[in-house]
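Visitor: Okay, predicted coordinates and the sequence, questions at the end:
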Amino acid sequence: MELPALGNHCSQSACSKLDFLPFNCHKCHKVFCEDHYKASTHTCGTAAFEDARSHKCPLCRQQLAVRRGEDPNVTVERHIAQGCQTGKAKTGGISSACTFKGCKKKELVPMTCKECRQQFCIKHRFPDDHACRGVRGNVAA
């Protein structure tokens, strides 16, 4: 049994498929199924208008033009690599450098020692691993 009150029929004359989650064409404002929602797949009066997409950079919130057929993630990565206008993009989002002598590791999540209040990498995060002075003072007392 068909439920005519639910969903909409595709506006493509050859299709007329009943779709429960139809797409609205933003150019001709007609309703289409999943197979015909793109302007290039239905007889849209504005076929000369090219498909254009944009994506927002998660760091600087700038609208980025996505090239035809390109993954939006690739566009955002290119934008960040070419100098996104935020401090996070310049460092790659890495904010915490290990303060252990000779260690040059950087972590995305800061790990602060509760005793000496310095930041360390995963390898040196425990007081015993970085010869914490705060722990030595407590042990000696």
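Guide: All right, it came through fine.
Visitor: Only the buried residues of the longest helix along the chain, if you could.
Guide: Assignment by DSSP state H gives helix 72-81 as the longest helix of the chain. Of all the residues in helix 72-81, those buried under the rule 16 or more other Cβ atoms under 10 Å are 75-76, 79-80. (Glycine included, C-beta is placed from N, CA and C.)
Visitor: now for it, which elements pack on it?
Guide: strand 53-56, strand 63-66 (3 or more Cβ pairs under 8 Å, 6 or more residues apart in numbering; DSSP states H and E).
Visitor: I'd like the distance from the first one to the chain centre, please.
Guide: Same thing as strand 53-56. Strand 53-56 sits 11 Å away from the centroid of its parent chain (Cα atoms, centre = their mean, to the nearest Å).
Visitor: Each with direction, which strands does that strand pair with?
Guide: Paired neighbours of strand 53-56 in the sheet (DSSP bridges): strand 63-66 (antiparallel).
Visitor: what residues are up against the residue nearest in space to the middle of the chain?
Guide: Here the mean C-alpha position of the chain is nearest to the C-alpha of residue 58 (Cα atoms, centre = their mean), at a distance of 6.2 Å. Neighbouring residues of residue 58 by Cβ atoms under 8 Å, 6 or more residues apart in numbering: residue 76.
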